[in-house]
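[1] sequence and predicted structure are below.
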Amino acid sequence: MLKSTIIWDENQTPISTYFNDVYFNTEGAIDETRYVFIEGNDLYQRFLQHEQETFIVGETGFGSGLSFLILWQTFLHFRDQHPNHLLKKIKFFSVEKFPLSSDELKQIHHNVLTKDKDLQNLASQLQTNFSEIQSSYQFDNVSLSIFYDDVSDFPDFLRKQNILINAWFFDGFSPAKNPDMWSESLFKKCYTLTAHKGTFATFTAAGFVRRNLLNAGFNVFKHKGFGIKREMLIGNKTE
Ligand SMILES: C[S@@+](CC[C@H](N)C(=O)[O-])C[C@H]1O[C@@H](n2cnc3c(N)ncnc32)[C@H](O)[C@@H]1O
């Protein structure tokens, strides 16, 4: 496991020196994450329609855990609105080959979550427990498992847990700079591990990513991207 090295640009946006790419744009990061991954997977509606006790999310690229925090917040809101709903638990599985230190994680949360008290509260629970060698966390009805290794071994790790993913967050660095996170062989394995009616969402609409997802078996749709971004991809399992 290699440690990540980040630098900060003038907007306090974290940049990976390994990949020369941003984790996300600090300005608008919360709204973009919600738009791409939560709305892209239509999660609130899917929670409402879910007929099991547990909903399972898989992510490629844990980074600072921002997507995890926003999913957790969305789920708490859902539970608040629907206390008697059958769906009571979230399991979140992610992979990270270049973990951030706990100080870097805190710094990113500090920079990004300035206006959202609820997210700050969830982030402080994650920060209190976070260590780059600890892989499992339990926060009431929300569990987090991070596989600290290369993404190519993530599907095997999931298979051993005997679970199927209801929604994927595909969130590597930009495909041109981080192709391992967007390969056809990875998506084929992800497809096999996707539950009936399972979905995915990703910020990119790169041509080779779209083709790799299609070749893996997913239905793939272009969707309006966040803000000024033209397109992103969403999709689902065809069977
Ligand atoms: C865009 S960032 C993810 C941001 C993250 N979802 C968040 O909420 O902060 C992409 C992540 O993928 C990780 N990554 C890149 N290549 C990888 C690989 N081959 N295996 C596992 N993780 C990888 C990077 O270290 C980085 O944390």
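    Yep, it's here. Fair warning: this is a prediction, and the values are worked out from it, not measured in the lab.
[2] okay, CA-based contacts and neighbour counts for the rest of this
    Noted.
[3] the strand ranked longest in the chain close to the ligand?
    In the chain, taking DSSP state E as the definition, the longest strand is strand 194-202. No: applying Cα under 6 Å from any ligand atom, one finds strand 194-202 out of contact with the ligand, separated by at least 10.5 Å.
[4] which other helices and strands does that strand contact?
    Strand 194-202 sits against strand 165-170, strand 231-237, with contacts defined as 3 or more Cα pairs under 8 Å, 6 or more residues apart in numbering; DSSP states H and E.
[5] which of those is buried the deepest?
    strand 165-170 (a mean of 26; mean count of other Cα atoms under 10 Å).
[6] buried residues in the helix or strand following that one?
    Using DSSP states H and E, the helix or strand that follows strand 165-170 in sequence is helix 184-192. For helix 184-192, a neighbour-count test (16 or more other Cα atoms under 10 Å) marks 184, 186-191 as buried.
[7] the ligand contacts on the protein?
    23, 61-67, 95-98, 149-151, 171-173, 178, 180-181.
[8] where exactly do the helices run in this structure?
    Using DSSP state H, the helices of the chain run over 29-33, 43-49, 66-81, 102-112, 117-129, 154-161, 184-192, 207-216.
[9] for the chain, give me the ranges with low pLDDT.
    1-4 (pLDDT under 70).
[10] hmm, what's the outermost residue in it?
    Distance from the C-alpha centroid of the chain peaks at Asn84, with 26.8 Å (Cα atoms, centre = their mean).
[11] what's near enough to touch that residue?
    By Cα atoms under 8 Å, 6 or more residues apart in numbering, the contact list for Asn84 is empty.
[12] picking that back up, for Phe218, find the nearest of the helices and strands packed on strand 194-202.
    Closest approach to Phe218 among the helices and strands packed on strand 194-202 is made by strand 231-237 (5.0 Å; Cα to Cα).
[13] partner strands of the closest one, with direction?
    Strand 231-237 has the following sheet partners, assigned by DSSP bridges: strand 194-202 (antiparallel), strand 218-224 (antiparallel).
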